[in-house]
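**Student:** structure of the sequence below:
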Amino acid sequence: MRCPACHALIGETDAACPVCHFSLAALESQIGPLSQIEAPVADLSRTLSAPELRRVTHEIHLLGQRYPQVKGIAIFADPPERLTDELYAFWLFNRGGLFSAVEKGGDNHGLLLLIAPASGTASVVLGYGLEALIPPAALQSCFAVTRAHLEKRRSTQAAEAFFREMQSQLEPYVPLWPQVFGLEEKAAWFDATTGELTLTCTEEAADTY
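**Tutor:** Numbering: from 1, shown residues only. Down below sits the predicted model:
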């Protein structure tokens, strides 16, 4: 993963960035405690209507149906003064109560989109376990369609476009996911007609991700 402050590579268990010394503890002392955030969509900015929230929730639901490994979250909030979108998104991801106790480190497949309505900007945080599944090029494509709406201050449409584009961007990489998750493409198959147990590689086995 990369440091949200300086973008240097840091390890999963590193307490602080080895380059800029950024740490979650330091950020916590700067922002203070945070109440649990409602997932999958939270409007901390209070700028969206109920129908708009439902539309974004629907797009995240569609993403989750197609890719159950991905836990999409959208938060609409403006960062505190002197705090970048990226740092604030990182803070919300780690301190918003969005994940269970077992969703840590490599077992965290969260995808958090932060949209700041006031500035018309956005930032994304990936769970450590999701970084291997979503290439940078896919994120850039999603950001491209999102920015087109943010430039016109269309926050709801920006979030919808992001998660809709993510569905398309992930499709070419899905065949690689079984290997990433440590699942075998070759599965034991019992043939009831012969009574034999054989190893096969079928489309059904390849899709057991």
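**Student:** now E52: phi and psi?
**Tutor:** Backbone torsions for E52, taken as degrees, to the nearest 10, come to phi -70, psi -40.
**Student:** starting at the chain centroid, how far to stretch 112-124?
**Tutor:** 14 Å (C-alpha atoms, centre = their mean, to the nearest Å).
**Student:** over to stretch 40-51?
**Tutor:** On C-alpha atoms, centre = their mean, the centre of stretch 40-51 falls 18 Å from that of its chain.
**Student:** what is the rounded mean pLDDT of it?
**Tutor:** Averaged across stretch 40-51, the pLDDT comes to 96.
**Student:** who touches that stretch?
**Tutor:** Residues outside stretch 40-51 that contact it (C-beta atoms under 8 Å, 6 or more residues apart in numbering): 37, 53, 56-57, 60-61, 64, 71-78, 96, 116-118, 155-156. Quick note: C-beta positions are derived from backbone N, CA and C, even for glycine.
**Student:** can you list the weak-confidence ranges in the protein?
**Tutor:** Scanning the chain with the threshold set as pLDDT under 70 gives 179-209.
**Student:** got the residue ranges for the strands in it?
**Tutor:** For the chain, the strands defined by DSSP state E cover 41-43, 71-76, 110-116, 121-126, 187-191, 196-200.
**Student:** torsion angles phi and psi at P79?
**Tutor:** Torsion angles, degrees, to the nearest 10, at P79: phi -60, psi 150.
**Student:** which residues touch the nearest residue to it once chain neighbours are set aside?
**Tutor:** Take P79 and drop its neighbours on the chain: the residue closest to it by C-beta to C-beta, 6 or more residues apart in numbering is Y88, 3.7 Å away. When contacts are counted by C-beta under 8 Å, 6+ apart, Y88 is found next to 77, 79-80, 114, 123.
**Student:** need the max-distance pair from the residues you listed.
**Tutor:** Farthest pair in the contacts of Y88 (C-beta to C-beta) is P80 and S123. Separation: 14.0 Å.
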